[in-house]
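Colleague: Just a sequence and a predicted model for now, questions to come.
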Amino acid sequence: MKKPTINFYRLLRLMGVFSLSLLFLASCDEDDNGGDMPDPEPTQNIVEIAQGDDRFEVLVDALGSAELVDALSATGPFTVFAPTDAAFEALLAATDGVDALEDISQESLTQILQYHVANGKVLSTDLMDGQTVPTLLNGNDLTIGVSGSGVTVNGANVVVADIEATNGVIHAVDQVLVPEGFVIELAPQTIAEIASGNESLSLLVAALGRVPSLLDAAGDETATLTVFAPTDDAFAALLTTLTDATGNTFASLDDVPDYVLERVLQYHILGSAKTAAELADSEETLEGSSISVDGTVLNGSVNVVADLADISASNGVVHVIDAVLVPSFILNSLNTVLEPAIFDAEGRFTTLVTAVETAELAGALTNADATLTVFAPTNDAFTAYIDASDFADASELLASDMLGNILLYHVLGATVPSSAIVAGASSAPTLYEDDDEDEVGEVVYISNNGEDGIFLNGGPQVIIPDLEEGNGVVHVIDGVLVPPMNSIAEIVVASAGADAPEFTLLLAALQTADDTDGDLVELLSGDGTFTVFAPTDAAFNAAGFADVAAVEAADPATLRAILLYHVVSGAAVFSTDLASGAVTTAGGGDVTVTVADPVTIADLNADSADATVTSVNILATNGVVHVIDQVLLPE
């Protein structure tokens, strides 16, 4: 092996420079220390010195990000070639895709920083030209250069040397040192960042912006998700499909209702991170329903775009797909009576939609072979109903055993446009059946008052008629229809036994009345259709019946005649059907109705006061009850 040669001339020159430097430093030390004071011992470790020096702010942040603070606070000793802030800024500017330290992966940042640290304390006086210094990054050495113009490390200039610490020494350098051939890897981006950085996913980003909770999840570093990301072309195709299917114009995502958009987006997200190889044959989504997976094909027709599967994110995995996945609940609603509620631009039917799904009635309403009429209550209608009911809130209603029956009571088994509803009073059977042996559903009573509107059961009004769909028609209403649970007689009995009874004397009268031609309690419990003007206990008191004993002491035939004078047989006459004029009662005589505010009813007895209707439209299985404050007396 050839022996190394020594250039004595160069060595002497270096020694001369070194000697002059020592003389200069010694002179400075003597001036600074009074001539013979030694340098004070360092009191801070390497990290503490860097933290207190504004030239190393980026380095301090980098040590924290790379979790090297504790390592460089240890006993050591270490030699650190510390890049200044300007050095880091130059690296960031020269590296594609990197604007800040956070854009560099933790692994790359750690390796870069390890490349700046050597074991042992190496002062500048220990450095020689051409010397190699092993670093903490195994297998990677630094090359020292010493010349008359100063010291370099891998070509970077040492701008401040020998900053001594309790556990080593710092030499500030003007460049970040990167091993030859080293590739700086970018930090994994969140799913939201990946989508934002991909021009073909701009509509997905816009859609997520409409649903803040999902956008937050996509940008949450702590989340763990799988997102099937439709391309812009996929969303464009969806808009075309919706336009063709609904007959409405979906020119942009802005035309897609919030409810639909949120459900569709949820249907693209799994609650765990899964690569393509990890996907099962069926995967449940955040929307609640599942998608089928067959290799790279979803739901039988949606394809994962080649080379765009398994995009790793800091909070999950992204698979780009060529079509939008649509939940069957929404897809099957197109061109059916459920569509107007789901696709309402103002979101006025979200309670109804949730109720239909909860009661598992979507299949019946989206049956293409069915012919249906749906009376659709708005959200405001449900709110008013809940406030007036025993339900604390919507969740209690949705959990109620009554929910399905209430919804079926809003549906007719035939298509009935408003033009087919006869003027005046009529009724129609609903899909709700209260008796398994009865093949006819419980009826809803309809009042068609022409220009004054169409009313149901004397209350809810049709506010938007005739939304025609492929399997029927929808009429929007401003109230909730509740199927009757009790007959007229049962309503009277229940009130008589209530904490604040109203019909105690009416019940006593019904029980005491002559039953030669039929028991009145049984009559009003039967299958007929009746309208009853029901006097309160106070009304009976005013008519001379002080208590139950007084009623029971009355002539049964007289009681029967009085009670039948309060009954209209063969019709359920709601407040919306009432008109001023004579009405024939089941007793044979007429009463005179005056429709005003309030509604009054006069009998044919000149000595009687007119009765005021104080409460209306108490729906029964066999008619309707209106409460009055006077007993009507036949002539």
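Modeller: Thanks, I have the structure now.
Colleague: Tell me the confidence at Gly470?
Modeller: As predicted, Gly470 sits at a pLDDT of 95.
Colleague: Make sure it is actually in contact with Asn332.
Modeller: No: applying Cβ atoms under 8 Å, one finds Gly470 not in contact with Asn332, separated by 11.6 Å. The C-beta positions use only the backbone N, C-alpha and C, and glycine is treated the same way.
Colleague: Run a quick neighbour tally on Asp527.
Modeller: 9 (other Cβ atoms under 10 Å).
Colleague: And the pLDDT at Val40?
Modeller: Small correction: residue 40 is Pro, not Val. 82.
Colleague: Could you count how many residues lie near it?
Modeller: Neighbour tally, Pro40, other Cβ under 10 Å: 8.
Colleague: Looking at Gly470 and Asn332 now, which is surrounded by more residues?
Modeller: Remark: of Gly470 and Asn332, Asn332 carries more neighbours, 18 against 13, as counted by other Cβ under 10 Å.
Colleague: Assumed Leu261 was part of a helix.
Modeller: Yes: according to DSSP: H, G, I helix; E, B strand; the rest coil, Leu261 belongs to a helix.
Colleague: Count the neighbours of it for me.
Modeller: 17.
Colleague: was I right about it contacting Leu208?
Modeller: No: if you go by Cβ under 8 Å, Leu261 and Leu208 don't touch, sitting 9.5 Å apart.
Colleague: per-domain residue ranges of this protein.
Modeller: Here the domain parsing of the chain from automatic domain parsing is 1-40, 41-173, 197-331, 339-477, 488-628.
Colleague: rank these by pLDDT, which is bottom?
Modeller: Going by mean pLDDT, the lowest-scoring of the domains of the chain is domain 1-40, which has a mean of 39.
Colleague: element containing Leu136, please.
Modeller: Using DSSP states H and E, Leu136 is not contained in any helix or strand.
Colleague: Pull the contacting residues for it.
Modeller: Gln114, Tyr115, Val117, Ala118, Asn119 (Cβ atoms under 8 Å, 6 or more residues apart in numbering).
Colleague: Look up phi and psi at the second one.
Modeller: What that stands for is Tyr115. Note on Tyr115: its backbone torsions stand at phi -70, psi -10 [degrees, to the nearest 10].
Colleague: Would you confirm that it contacts Pro134?
Modeller: No: in this structure, Tyr115 is not within contact of Pro134 by Cβ under 8 Å, at 10.7 Å.
Colleague: Please say which of the two ends up with more neighbours.
Modeller: Tyr115 (21 against 13).
Colleague: Distance of the closest residue to the more buried one other than its chain neighbours relative to Val160?
Modeller: Take Tyr115 and drop its neighbours on the chain: the residue closest to it by Cβ to Cβ, 6 or more residues apart in numbering is Leu137, 4.4 Å away. According to Cβ to Cβ, to the nearest Å, Leu137 and Val160 sit 23 Å apart.
Colleague: Kindly report the same for Ala359.
Modeller: Ala359 sits 76 Å away from Val160, going by Cβ to Cβ.
Colleague: try Leu109
Modeller: According to Cβ to Cβ, Leu109 and Val160 sit 23 Å apart.
Colleague: which of those two has more neighbours?
Modeller: Using other Cβ under 10 Å, the more surrounded residue of Leu109 and Val160 is Leu109, with 22 against 15.
Colleague: Quick check: phi and psi at the more buried one.
Modeller: Here is the backbone geometry of Leu109 (degrees, to the nearest 10): phi -60, psi -40.
Colleague: OK, contacts around it?
Modeller: Taking Cβ under 8 Å, 6+ apart as the test, what Leu109 contacts is Ala62, Ser65, Ala66, Leu101.
Colleague: Thr75 and Asn167 touch, don't they?
Modeller: Yes: here Thr75 reaches Asn167: they are 5.8 Å apart, a contact under Cβ under 8 Å.
Colleague: Which one of these two is surrounded by more residues?
Modeller: Neighbours per residue (other Cβ under 10 Å) separate Thr75 from Asn167, with Asn167 holding more: 21 against 9.
Colleague: Go ahead and confirm the more buried one touches Ala71.
Modeller: No: if you go by Cβ under 8 Å, Asn167 and Ala71 don't touch, sitting 10.6 Å apart.
Colleague: Asp220: how many residues sit nearby?
Modeller: Residues lying near Asp220 (other Cβ under 10 Å) number 16.
Colleague: Quick check, it in contact with Thr190.
Modeller: Yes: here Asp220 reaches Thr190: they are 7.3 Å apart, a contact under Cβ under 8 Å.
Colleague: buried ones in stretch 449-463?
Modeller: Across stretch 449-463, burial judged by 16 or more other Cβ atoms under 10 Å covers Ile454, Phe455, Leu456, Asn457, Gly458, Gly459, Pro460, Gln461, Val462.
Colleague: Any idea how far apart the tips of that stretch sit?
Modeller: Chord length of stretch 449-463, first to last residue, is 13 Å (Cα to Cα, to the nearest Å).
Colleague: who's in contact with that stretch?
Modeller: 375, 377-378, 381, 418, 421, 423-424, 444-448, 465, 475-481, 574-577, 616-617, 619, 624.
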